[in-house]
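from the sequence below, what's the structure:
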Amino acid sequence: MPPKSLAKLKKTTAEPPVARGLAAKAARPPLVRMVRIHEALTAEKYPNCSTMARDLEVTTKTIQRDIEFMRDQLALPIEYEPVERGYYYAASVAQFPMVTVSQGELVALLVAQKAVEQYKGTPFERPLNAAFDKLVSSLGEEENISLHELSEAVSFRTTGVPHGQIATFEVLADAVMKHQRVEFDYISMTAKTSERRSVEPYHLPCIGNQWYLIGYDRNRNGIRTFALPRIQGARNLGKTFEKPEDFSVADMLEGSFSAFQAGKTETVRLSFTQAVARLVEERQWHKSQKIRTMPGGKLELSMKVGIAPDLIAWILGWGGEVEVLDPLSLREKVRKTGQEIAGKNF
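This is a model prediction of the structure:
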C-alpha cells in the first residue's frame with residue numbers, strides 16, 4: 001500500500017507546538033520530497049529529476065540527491081528506464097520506510113527532548129534543536145502524534161543552568177576526538193585574573209548540568225579539571241599527543257562526590273532529620289552510599305568520598321536538617337563555613 005498521504009503528514013504540523021521539534025516538525029522538506037517521489041514511483045508515473053524538480057520547486061540536483069539517498073541509504077529498488085525517461089520501482093514496495101519505535105523508545109525520546117529544553121536561551125539551543133528535529137523528521141505520522149500527546153505529560157524544570165559556550169565546546173570536542181593539544185585562558189574559582197593554559201584534552205564530562213574538560217595541564221604538570229564557562233579563547237594547536245592507555249574518567253572520579261577530583265577518600269557519615277529523611281532516601285547521591293534508619297525517624301547516610309568544596313556545599317544546602325557525624329575534619333569545615341554565612345547575613 002502507498003504511504004499515508006502528504007496531507008496527513010502535514011496534519012501534524014497543525015498541532016499546537018508544545019515543544020519545538022515535536023509534531024510541528026513532522027514533515028521536514030527532505031522527507032516530504034522523498035514521500036512525493038515514492039508516491040510517483042508507486043503510481044508508475046516514471047518520474048524524472050526534471051519533472052519532480054518542477055513539481056517540488058527545487059533543483060534537479062536536489063532531486064537527484066534525494067533519489068540516490070532513497071536507493072543507497074533506504075535500500076529502495078529504484079531503477080532508471082531509458083525508454084520512459086524516468087525512474088521506477090524494480091520490485092514491489094509496500095510503503096515508504098519510516099523509523100518505527102516502541103512506546104518505551106518514544107517516551108525515552110521525549111525525555112531526551114525535554115532535557116534539551118534546559119538549554120533554551122543558550123548557544124546550545126539551536127544545534128540541539130536541529131539534532132532533535134532530524135530525529136523526529138524520520139518518524140511516521142502515528143509516532144509524531146503520540147510524541148506530541150506524551151509531551152503534555154512530561155516536563156523538566158531546572159535551576160542554575162550554566163551559560164552555554166558552544167564555540168568553546170566545539171573546539172574542545174574536536175581536539176578531544178583528534179587527540180590534539182589546545183590553549184586557552186582560564187580563571188579559577190579563587191583567582192582574580194586568568195592564566196594561559198596549554199592542555200592535552202582527554203574527556204568532556206557533563207556533571208550536574210555543567211560541562212567540564214579533563215586533561216593534562218602542561219603548565220601544572222598534572223591532570224586537571226576545567227569548567228567550560230571559565231574557559232576563554234580556546235584554540236586547537238593542531239599538535240597531536242598520546243593519551244595514556246591507563247587513563248580512566250571513572251577511576252579519576254572514583255572518590256569524587258561530584259566534579260571535584262578527590263585525592264584521599266574518607267568514610268563520611270551524615271545524620272538527617274525525619275523531616276527530610278524520605279527525600280534523602282529516594283535518591284542515589286553516590287554509588288558507595290549506604291543508608292540506615294535511625295531511632296526517631298532519622299536517617300544515616302554514609303559514603304566513601306573525598307572531602308571537597310562540592311560535598312561541603314551539598315551538605316550546607318540541607319541547612320539545619322543535617323548533622324555531620326564523621327569525619328571530624330569535615331564537621332569542622334561545615335561549621336566554619338556555616339559561621340561565615342551567618343556572619344554575612346545577620
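
tell me where the stretch 151-300 of the chain has helices.
Applying DSSP state H, counting those that start in this stretch to the stretch 151-300 of the chain gives helices spanning 166-178, 249-252, 274-281.

what stretches of the stretch 201-346 of the chain score poorly on pLDDT?
The stretch 201-346 of the chain contains residues with pLDDT under 70 at 262.

so which of the helices of the stretch 151-300 of the chain is the most surrounded?
helix 166-178 (a mean of 17; mean count of other Cβ atoms under 10 Å). C-beta here means a position set from N, CA and C on the backbone, and glycine is covered the same way.

so for that helix, mean pLDDT?
The average of the pLDDT scores along helix 166-178 is 88.

which helices and strands does that helix pack with?
For helix 166-178, the elements it packs on are strand 180-186, strand 195-203, strand 231-240, judged by 3 or more Cβ pairs under 8 Å, 6 or more residues apart in numbering; DSSP states H and E.

which one of those strands lies closest to Phe272?
When these are compared by Cβ to Cβ, strand 195-203 sits nearest Phe272, at 33.3 Å.

residues of stretch 204-219 that come out buried?
Residues of stretch 204-219 classed as buried by neighbour count (16 or more other Cβ atoms under 10 Å): 204, 211-217.

which two in those are spaced the farthest apart?
Using Cβ to Cβ, the two most remote members of these are Trp211 and Tyr216, lying 18.4 Å apart.

among the buried residues of stretch 204-219, which ones are in strands?
Among the buried residues of stretch 204-219, the members falling in strands are 211-217 (criterion: DSSP state E).

adding distance to Ser258, write the helices of the stretch 151-300 of the chain out as TSV.
Listed next are those as TSV, based on distance: least, Cβ to Cβ, whole Å:
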stretch	distance to Ser258
helix 166-178	20
helix 249-252	13
helix 274-281	16
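
nearest to Pro309, of these?
Nearest to Pro309 among the helices of the stretch 151-300 of the chain is helix 249-252 (17.2 Å), distances taken as Cβ to Cβ.

quick one: contacts of that closest one?
Helix 249-252 is contacted by residues 202-203, 205, 214, 223, 261 when judged by Cβ atoms under 8 Å, 6 or more residues apart in numbering.

just the closest of those residues to Ile78, please.
Set against Ile78, the nearest of those by Cβ to Cβ is His203 (43.7 Å).

quick one: contacts for that closest one?
Here His203 is in contact with 176, 213-215, 249 (Cβ under 8 Å, 6+ apart).

one more time with 10 Å
By Cβ atoms under 10 Å, 6 or more residues apart in numbering, His203 lies in contact with 176, 212-215, 223, 225, 243, 247-249, 252-253.
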